[in-house]
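> Predicted model and sequence below, questions to follow.
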Amino acid sequence: MSITEAPTVGAPVPAAAPILAAESITKKFGGLTAVDNVSFDIPARSIVSLIGPNGAGKTTFFNMLTGLIRPTQGRIMFDGRNITRTRPDVITSRGVARTFQNIRLFGAMTAVENVMVGQHSRMKSGVFGAVIRPPWVVKEEHHAADRARELLAYVGLMKADFDRLATQLPYGDQRRVEIARALASEPKLLLLDEPTAGMNPQESAALADFMRRLRDDLKLTILLIEHDMKVVMGVSERVTVLNYGSKLAEGAPADVRVNPAVIEAYLGKEG
Amino acid sequence: MTELRAQLSEWRAAIERVLPPWWSKGLAALLVVIGIVLPFITGAQSGFLNGTIIAIAYAVMALGLNVVVGMAGLLDLGYVAFYAFGAYCMGWFGSGFFFGLHVHVGVAPTLSHAIGIHLNIVLILIAAVVVCAVAGVIIGLPTLRLRGDYIAIVTLAFGEIIGVLAVNGSSVPVGGGMTLTAGNLGISAIDPPWFPGVGSFSLLDYRPWYWLIFAILLIVLFVNVRVRDSRLGRAWVALREDEVAAVSMGVPLVKTKLMAYAIGAAFGGMSGAFIGAYNTQVNAGQFQFGFSVFIVAMVVVGGIGSIWGALVGGLLLGYINNYLIPDVLNDLPSHFGLHFQLASVSFGIFGFLLVLVMTVRPQGLLPERRRTLEMTGEVAAMDAELAAEPETGSTV
């Protein structure tokens, strides 16, 4: 959609055509304000990071974007439609997919089955289709399984692991399967919640490359919550810093890095 | 323990190498053939065939409950409600109970002028499926926001409500002097099934009844297998495993859960309608909480979530309840000079069996592949934990 965008290197992405716009979002849990009047937009086909100390409201913000919790105030627009009070599965079918901070695969399903669940909103067969199994349903199932294998190969899972149960996979592979599962829903916007948690520097660097590939090959937009500053500074076109539920700073990685307020709140006060 | 498991899987692999690739289909075909010819071996009047008919009817219910409890992970303790709805469908649409009406569709010529509603058994089974699917959705609705034990409590309450409604339905007028149910008096003289060319089923010959319930079982099994291996079946497992992740992946929570309730209830309704006809009466006293627990026990003994487990668990407990205890072993205590009948302690026997299965084989007799891992994995982890403690560590 944003083919007109010139590939300017280094410059911050122009604010034109945001794929997602959160307007003055507030979330209160009882007396606690987890997210306080945050406005935020994500330009199409960009990689944007959301950072902040623990408890800053990053995951709460994610959960509101994906419909798991509803904001107390504010409006969320995705791809020109209001999704503030839309059910999570409908939001997924509109084109938002996510991974979780603590991996949430379906442990008792195989890697392929996990990814096939990700395709749920792109498949049609219902109960009668399942029982009678007309040719189109057979075709759909085959196609879904093939697509799942393609995606697993794309995220770099070994073929031998495709049919192993998710719980039996090593940690890094579980992260891969989770990304494949999210990609299976054919998203326009991918939300990654601390994808490099528990990874070593080489793996993190590989993941950063992978995110760029997702953006360039699959034309995805990526919103990233991340603690690894090397990854954040390396891949993000824009960084937003949350602290105590409020937006503290926003801008290009280079600017955010030298912002004194950010340094104090997030990276620690010097001297 | 791990060595033993490795050895077993090695043997299994060896057996599978010897057998041709179509062996499982061949085995299934063989079992179906044995199932069809069974009444010729047992005879038309044997107590064993009678026990088999009820055991299969129970297995059908176990297969239905397995959809809800096993596949979708919603612990339903009010399944007896669907037995009741199914049986009442039989009572309402296949007897003279609604004496103010004259409706006849595809029934025996002798009934063609009788009072009441008289539909062909096939139509009644379809009605039972529809009524129970709707009832399943209604019962499912208030549980949608609940998890685990809370679902069990709500469904339990619904089961009780239906039971009480069945008893007191005799005071609920539906017009023309007719009432909703006959309460504890029971709706009796239910039409025996009738098919053109076959005639009416008789209680002097169990065989047609057997073939009917066997056909129902095959249909239910087919639907079960097909649904399990579908988009819907995957969605159930996903919801069972992790609700938040499932909805985030695009699985609609309400629709998918209600579908499980509806399908599970529909099977219970089919079985309930059949049992109503087979008993020739529908009595409100049949629909007790204990029956819900009995069906749950079948699913648990067989292996939660496993279709073949539910089948085996249903048949096993059905046989024990309706053949082994009352027919075969009933006077066993008297051989030891004890003055009671075994049937009077049947609940104790079931309790013992449940405890036995839970201790020796917590995953059930024929567990689902996924559950085996979960259960044995957890048990192994617990064992390891216990072994790590200094008191017990020395004994390992």
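In hand now; what should we look at?
> In the chain, where's the longest helix?
Because you didn't say which chain, this covers chain A. Secondary structure assigned by DSSP state H gives helix A:135-154 as the longest helix of chain A.
> meant chain B, my bad for not saying
Chain B, longest helix under DSSP H: helix B:253-279.
> Give me the buried stretch members for it, please.
The neighbour-count check on helix B:253-279 (16 or more other C-beta atoms under 10 Å in any protein chain shown) flags B:253, B:256-279 as buried. All C-beta atoms are positioned from the backbone trio N, CA, C, and that covers glycine.
> circling back to that earlier point, which neighbouring elements make contact with the longest helix of chain A?
Counting contacts by 3 or more C-beta pairs under 8 Å, 6 or more residues apart in numbering or on different chains; DSSP states H and E, helix A:135-154 is packed against helix A:111-118, helix A:127-132, helix A:171-184, helix B:231-241.
> what's next to it, contact-wise?
Helix A:135-154 has contacts (C-beta atoms under 8 Å, 6 or more residues apart in numbering or on different chains) with A:111-113, A:115-116, A:118-119, A:123-125, A:129-130, A:159, A:162, A:176-177, A:180, A:183-184, B:230-231.
> For PyMOL, write the selection for the buried entries among those.
Those of the contacts of helix A:135-154 that count as buried under 16+ other C-beta under 10 Å are selected in PyMOL with:
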select buried, (chain A and resi 111+112+113+115+116+118+119+123+125+129+130+162+176+177+180+183+184) or (chain B and resi 230+231)
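> Just confirm B:V247 is within a helix.
Yes: under DSSP: H, G, I helix; E, B strand; the rest coil, B:V247 falls within a helix.
> Return the residues in contact with the closest residue to it other than its chain neighbours.
Closest residue to B:V247 apart from its sequence neighbours, by C-beta to C-beta, 6 or more residues apart in numbering or on different chains: A:P88 at 4.4 Å. Residues near A:P88 by C-beta under 8 Å, 6+ apart: A:T66, A:G67, A:L68, B:V247, B:S248.
> Pretty sure A:L248 sits in a strand.
Yes: per three-state DSSP, A:L248 lies within a strand segment.
> if I look at it, how far off is chain B?
Separation of A:L248 from chain B (C-beta to the nearest C-beta, to the nearest Å): 28 Å.
> so how far is A:F128 from that residue?
Counting by C-beta to C-beta, to the nearest Å, the gap between A:L248 and A:F128 amounts to 53 Å.
> what do you get for A:Q202?
50 Å.
> Next: B:N66.
B:N66 is 20 Å from A:F128, by C-beta to C-beta.
> can you map out the strands along the chain?
No chain in the question, so chain A it is. Using DSSP state E, the strands of chain A run over residues A:18-29, A:32-43, A:47-51, A:73-78, A:81-82, A:96-98, A:189-193, A:221-225, A:238-243, A:246-251.
> my bad, the chain I had in mind was chain B
Using DSSP E, strands in chain B cover B:94-95, B:102-105, B:116-119, B:173-175, B:178-179, B:187-188, B:194-195, B:199-200, B:281-282.
> Report the distance from the second one to the chain centre.
Right, strand B:102-105. On the basis of C-alpha atoms, centre = their mean, to the nearest Å, strand B:102-105 sits 31 Å off its chain's mean C-alpha point.
> Please name the strands paired to it in the sheet, noting orientation.
strand B:116-119 (parallel) (DSSP bridges).
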